[in-house]
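A.B. asks: generate coordinates for the sequence data below:
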Amino acid sequence: MQNPIILFSLPRSGSTLLQRILSVDSNISTVAEPWVLLPHIYALRQEGVIAEYSHSWSSQALADLLDRLPRGKQDYLECLAEAMTALYEKLSDEGARYFLDKTPRYALIADDVISMFADGKFIFLWRNPLAVVSSMIETWGDGKWNIYIYKVDLFDGLERLIDVYRANSESTLALQYEALLQSPEQELGRVMHYLGMEPAPGMLDVLPETHLSGIMGDPTGVDKYRSVSTRPMEKWKSTINNPLRRRWCRRYLQWIGRERLAVMGYDLDELLEEMDATRTDWLSLFGDIPRFAWGVFYCLFDAQIIRQKLAGLSDWKRVKRYS
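C.D. replies: Below is the predicted model of the structure:
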């Protein structure tokens with residue numbers, strides 16, 4: 001039976017780098033980002049899904065079904081784990097001991113994922129929240145303010161990750177992206193010890209030749225950095241660079257709070273001090289003002305759903321048939 005390694009993190013937290021390093025070991029198979037657990041876990045939830053088949057009714061029917069099982073939801077999760085383990089096995093190389101599933105949106109279902117896999121290994125990867133925000137802006141916004149699109153990751157995802165890690169800290173492993181960049185051999189040793197293995201020779205040396213199959217995942221760091229480098233640690237300072245962005249980030253850090261930041265290994269005062277010391281770029285401020293306003297509309301009215309509905313109007317014959 002294939003034992004899963006689940007790598008929990010927010011998007012833009014360095015998970016692809018760690019995944020590539022671990023994939024060098026022949027005992028660990030992986031693909032870019034499966035996303036496969038999300039729909040099966042969300043089948044249990046009343047909210048968070050819009051579907052043609054009426055997800056609300058579907059989740060009610062599933063809840064009724066679970067009531068008829070001896071252990072309810074846990075029976076469902078264990079049966080799902082058997083199916084997913086069989087799938088991981090088919091995706092793995094012959095002789096592999098583990099399959100590594102790295103999908104950042106698993107932050108939203110981390111508690112159920114841990115309940116699913118009794119023999120799983122779970123790694124929590126933290127990154128400076130300011131660097132995460134900056135990387136989202138640079139990677140997916142081409143430097144333009146776009147954070148409202150990722151509120152589910154930055155708020156719901158982070159909150160759940162921290163809560164689940166606190167509840168399972170004795171059986172899981174946590175590490176910081178910055179520590180991985182500064183002391184890769186040491187941090188890799190911690191990971192491999194947790195997995196019950198020794199680091200394979202040259203795991204860090206062959207990183208340039210390591211590629212992940214699959215359409216999902218992050219090609220950015222793969223293209224820019226051919227080895228483990230500390231350069232990404234300071235890049236956020238050139239992005240969080242105007243009063244609006246700093247104000248938003250200050251409120252975000254305060255929302256996370258001193259205690260939760262400490263769980264991740266960061267200090268609130270130090271982060272605020274570093275941010276306040278960044279150089280101000282007034283030019284980016286003028287472009288941000290309308291995007292901040294659009295972000296309010298986007299969050300209030302679920303603009304993404306509205307956009308999908310409007311896209312469906314192109315099939316006018318179908319709309320007219322149902323009228």
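
A.B. asks: around the closest residue to residue 62 other than its chain neighbours, how many other residues sit close by?
C.D. replies: Closest residue to residue 62 apart from its sequence neighbours, by C-beta to C-beta, 6 or more residues apart in numbering: residue 43 at 5.8 Å. Placement of C-beta: from N, CA and C, glycine included. Residue 43: 15 surrounding residues under other C-beta atoms under 10 Å.

A.B. asks: and residue 43, what does it touch?
C.D. replies: 58, 59, 62 (C-beta atoms under 8 Å, 6 or more residues apart in numbering).

A.B. asks: of those residues, closest to residue 165?
C.D. replies: residue 59 (26.9 Å; C-beta to C-beta).

A.B. asks: quick one: the closest residue to residue 265 other than its chain neighbours from residue 247, how far?
C.D. replies: Leaving aside its chain neighbours, residue 265 sits nearest to residue 176 (5.1 Å; criterion: C-beta to C-beta, 6+ apart). Distance, residue 176 to residue 247, using C-beta to C-beta, to the nearest Å: 26 Å.

A.B. asks: low-scoring pLDDT stretches of the chain, where are they?
C.D. replies: Scanning the chain for pLDDT under 70 picks out 1, 206-209, 217-227, 303-323.

A.B. asks: biggest helix in the protein, by residue count?
C.D. replies: helix 243-264 (DSSP state H).

A.B. asks: now do it: which elements does it pack against?
C.D. replies: helix 129-141, helix 158-168, helix 268-276, helix 282-301 (3 or more C-beta pairs under 8 Å, 6 or more residues apart in numbering; DSSP states H and E).

A.B. asks: and for residue 177, the neighbour number?
C.D. replies: 23.

A.B. asks: ugh, wrong one, residue 10
C.D. replies: For residue 10, using other C-beta under 10 Å, the count is 24.

A.B. asks: which SS class is it?
C.D. replies: coil (DSSP: H, G, I helix; E, B strand; the rest coil).

A.B. asks: and if you look at residue 4?
C.D. replies: strand.

A.B. asks: correct me, but it touches residue 97?
C.D. replies: No: taking contacts as C-beta atoms under 8 Å, residue 4 lies outside contact range of residue 97: 10.9 Å.

A.B. asks: and the two? which has more neighbours close in?
C.D. replies: residue 4 (22 against 16).

A.B. asks: who's in contact with the more buried one?
C.D. replies: Residue 4 neighbours (C-beta under 8 Å, 6+ apart): 84, 85, 88, 98, 99, 100, 101, 117, 120, 121.

A.B. asks: residue 296: which of those residues is nearest?
C.D. replies: residue 101 (35.3 Å).

A.B. asks: and the contacts of the host helix or strand of that closest one?
C.D. replies: Secondary structure from DSSP states H and E places residue 101 in strand 98-102. Under the criterion C-beta under 8 Å, 6+ apart, residues 2-7, 9, 15-16, 18-19, 22-23, 27-30, 32-34, 36-37, 88-89, 91-92, 121, 195, 217 lie in contact with strand 98-102.
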